[in-house]
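Q: Build the 3D model from these lines:
(chains A, B and C)
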Amino acid sequence: MGFEIMEDIRKDYVYDLIESGKRVDGRGFREYREISVERDVITRAEGSALVKIGETVILVGVKLEPGEPFADAPNEGVIMTNAELVPMASPDFEPGPPDENSVELARVVDRGIRGSKTIELEKLCIEGGEKVWMVFIDIHVLDNDGNLVDAAALGAIASLLNAHMPTEKYGLSGDDTLPIRDTPVAVTTVEIGGNILADPNLYEETAATSKLTVISNADGTLSGMQKSGSGGLKEEEIAEMVEIGIEKAGEIRRKYLVT
Amino acid sequence: MMKEEIQLIKEGKRLDGRGFEELRPIKIEVGVLKRADGSCYFELGNNKVIAAVYGPREMHPRHFQDAKMAVIKYRYNMAPFSVDDRKRPGPDRRSVEISKVSREALDPVILKEYYPKTAIDVYVEVLQSDAGTRTAGINAASVALAAAGIPMKDLVSSVAVGKIDGEVVLDLNAVEDNYGEGDMPVAMVARTNTITMLQMDGRFSQEEFERGLKLAASACRTIYELQRTALLERYSESMGEGEA
Amino acid sequence: MYKVVIPGDFLSEEANRAGEGTYVDDGKVYAMKYGIMDDKEEIKVVGLAGKYVPSKGDIVIGKIVEISFPYWIVDIASPYEARLHISELAKGDERRIEFGSMNKYLYLGDLIVAKVLNVDAMMRVDLALKDEFKIGGRGRLIEISHTKVPRVIGRSGSMIKMLKEKCNCFIFIAKNGRIWIKGSDDEMNRASQVVLMIANEAHTSGLTDRVGDFLDSFKKRRG
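A: Have a look, this model is predicted:
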């Protein structure tokens, strides 16, 4: 609280600044806000991480429970990703069932993890066709100051890396570390007045008409993308966004995910 | 499934080493969220809750407005990962009831007449649960309301007492709550000794109830001092000797 | 010296001196807000946070959010919207403003400087226009908590005077926490930065000196 620029004027302000090569909070165009990742904050969960990007705060918890597999993959574990934009996080969030924004957030994070085959689902079979491990990834948004996707995706992979399987609790035997083989990282950029900005804060997100999330893996391959917003993007802009995505994902991975 | 018996008191101590009249460690932080008008993080042992306050703000839809005073809305919500077995997201009967009694616990101290026609939203998120979340939520919400600048007569403090192995004890943890004989959450205005929430389940004798209530009252005064200190400390560091 | 108090804190036995931000219970004065105690003729508590509630005579900056004949509905950074009657614009000559032509005078999103004419028991807020009411052209509007406004103005206007001089800007501060700044881009940036600094550090000691130093350092850096 405290400092707010009124919405319509804010857009002009954000534009004006970017035209002169600056951002509202003084960052470089490709620079992230300060990131912090605190793991295992929720001991009730099998894995968890509190992620802050600037003043955006997200808590991700991973729970594992035995359940029934899908008919088309009887020997594989199941991933369920869910996001809640709880009304605590913003004056614009309303209580109630998930709206399109929380569904999109959950699905983008889910796609990154699924597409990269990060979780070795074939190792999560307890009894073929009958019982497999269900991996619940719950994203709890606590404070929205922009770029929820990157924070949620980082929280998800950080939680998974530390998650254990509650084998004892369910009277099962076997390895209790969750088998993880990759580290997908989401990097979101926006386009404002022909400039590409990484890690948009809330002001910039409101001012931008297009946003692109690029999820990339340890080997530089891509495993998820989502363009959102009502504006269009040029091919060369997308190329730049992907390049930034891979570069930044590498930095974030080295700094926050290598244990 | 039959509930197995667990011995909850050994050699005069509880399983976590506490005495009968001992609270779990408490940690309070004020102003933890940027977007909310007031917020508070509250830890009680392994319970971790955050409360956020928005408002007073315009009440929508309008027909819920009260022409004479602000309307308090309270939403208690558990994160899916806050409990051992994942909780399905969204409200259930338990959280609806807790939201109601928690709102009524705070209602008597809020000077609602200063903001007619508005809504004051109180959101409590339980991030980790270990029995006593509603009391932790009320403690957090009370501090968050003050931090949001809402006019209030007092803070509200809350704690539960319970009965384990036949003894009346303070502030049950999850194991004690599951295997004990009774639980009684209380909220009160410490300064005036006014009780604003009282629930009970289990079986207490009249004498045990009275003793429990006294125990809760004394713990609420302790919690009140911690709430007060948290609010004062938020400004004391930066204030120094003050500028005239 | 500042004394921070919280709701329910006992302040005084003298019920006759109870002022704003306090309440009397059983003949004693208590704080009803989290804030700073001000113990002069009256005992008051100045809130450290809280929403703006308009009162008669306040000068506010508002934004037109709705046109509902014969009123413009104005957002004044408060839980309460205000209204401006068409007669406020038809004043002074024989003009009549018809239903369909209201948007020629003030349109959605327009910013105005206005005075709170009246607040009734139903919290209906009526506005009157100032002579120079319309805000436009190049400039910047920033919004801070109304509780920080006295700090931005400073004791007998000392802070705002320094700001205006050293930033070489037009700065208008309204009671509801909205501040209008006009100047060159650089000047506006600097002034906004300083206002932000004051709002964030409103309750710290030696603030006026720090703001002064900050503004001077800025000048030096720019040569």
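Q: since we're on residue A:75, how many residues are nearby?
A: Residue A:75 has 15 neighbours, counted by other C-beta atoms under 10 Å in any protein chain shown. Bear in mind the C-beta positions are built from the backbone N, C-alpha and C, glycine included.
Q: Relative to residue A:73, how far out is the spatially closest residue to it that is not a sequence neighbour?
A: Spatially, and ignoring its direct neighbours in sequence, residue A:75 is nearest to residue A:125 (4.5 Å; C-beta to C-beta, 6 or more residues apart in numbering or on different chains). Shown here: residue A:125 relative to residue A:73, a distance of 9 Å by C-beta to C-beta, to the nearest Å.
Q: between these two, which one's more packed in?
A: A side-by-side neighbour count of residue A:125 and residue A:73, using other C-beta under 10 Å, places residue A:125 first with 18 against 14.
Q: circling back: the residue nearest to residue A:75 bridge partners, please.
A: Note on residue A:125: beta-bridge partners by DSSP bridges are residue A:132.
Q: so it touches residue A:134, yeah?
A: No - Residue A:125 sits out of contact with residue A:134 when judged by C-beta atoms under 8 Å, with a separation of 11.8 Å.
Q: list residues touching both of the two?
A: Taking C-beta atoms under 8 Å, 6 or more residues apart in numbering or on different chains as the contact rule, the neighbours common to residue A:125 and residue A:134 are residue A:77.
Q: what does chain C put close to chain A?
A: Counting by C-beta under 8 Å from any C-beta of the partner chain, the residues of chain C lying close to chain A are C:49, C:63, C:109, C:140-145, C:148, C:178, C:185, C:195-196, C:199-200.
Q: Assign residue C:46 to helix, strand or coil.
A: When the structure is reduced to helix, strand and coil (DSSP: H, G, I helix; E, B strand; the rest coil), residue C:46 reads as strand.
Q: bridging residues for it?
A: residue C:36.
Q: Mind pulling the model confidence for it?
A: You'll see residue C:46 listed with a pLDDT of 91.
Q: ok, it touching residue C:148?
A: No - no contact is recorded between residue C:46 and residue C:148 when judged using C-beta under 8 Å, the distance being 10.9 Å.
Q: neighbour count winner among the two?
A: In this view residue C:46 and residue C:148 are compared by other C-beta under 10 Å, and residue C:148 has more residues nearby, 21 against 16.
Q: From chain B, how far out is the more buried one?
A: 12 Å (C-beta to the nearest C-beta, to the nearest Å).
Q: Same check on residue C:197?
A: When residue C:197 is compared with chain B (using C-beta to the nearest C-beta), they lie 13 Å apart.
Q: My guess is that residue contacts residue C:214. True?
A: Yes - counting by C-beta under 8 Å, residue C:197 does reach residue C:214; the two are 6.6 Å apart.
Q: Looking at chain B, what residue ends up closest to chain C?
A: Closest residue of chain B to chain C, C-beta to the nearest C-beta: residue B:149 (2.6 Å).
Q: Just confirm that residue contacts residue C:50, I think it does.
A: Yes - counting by C-beta under 8 Å, a contact exists between residue B:149 and residue C:50, whose distance comes to 2.6 Å.
Q: Spit out the residues that contact the two alike.
A: Common neighbours of residue B:149 and residue C:50 (C-beta under 8 Å, 6+ apart) are C:33, C:147.
Q: dump the residue contacts of residue B:114.
A: B:70, B:151, C:53.
Q: can we see that at 7 Å?
A: Each residue near residue B:114 by C-beta atoms under 7 Å, 6 or more residues apart in numbering or on different chains is listed here: residue B:151.
Q: now swap in residue A:67 and tell me
A: Taking C-beta under 7 Å, 6+ apart as the contact definition, residue A:67 lies against A:78, A:132, A:134.
Q: what's the pLDDT at it?
A: Per-residue confidence (pLDDT) for residue A:67: 96.
Q: for residue B:3, same thing?
A: You'll see residue B:3 listed with a pLDDT of 59.
Q: now residue C:170
A: 87.
Q: related to what we said a few turns ago, residue A:31: which of the residues of chain C next to chain A is nearest?
A: residue C:196 (20.1 Å; C-beta to C-beta).
Q: what's the spacing between that closest one and residue C:147?
A: From residue C:196 across to residue C:147, the span is 15 Å (C-beta to C-beta).
Q: So between the two, which is more surrounded?
A: Counted by other C-beta under 10 Å, residue C:196 and residue C:147 do not tie: residue C:147 has more neighbours, with 23 against 14.
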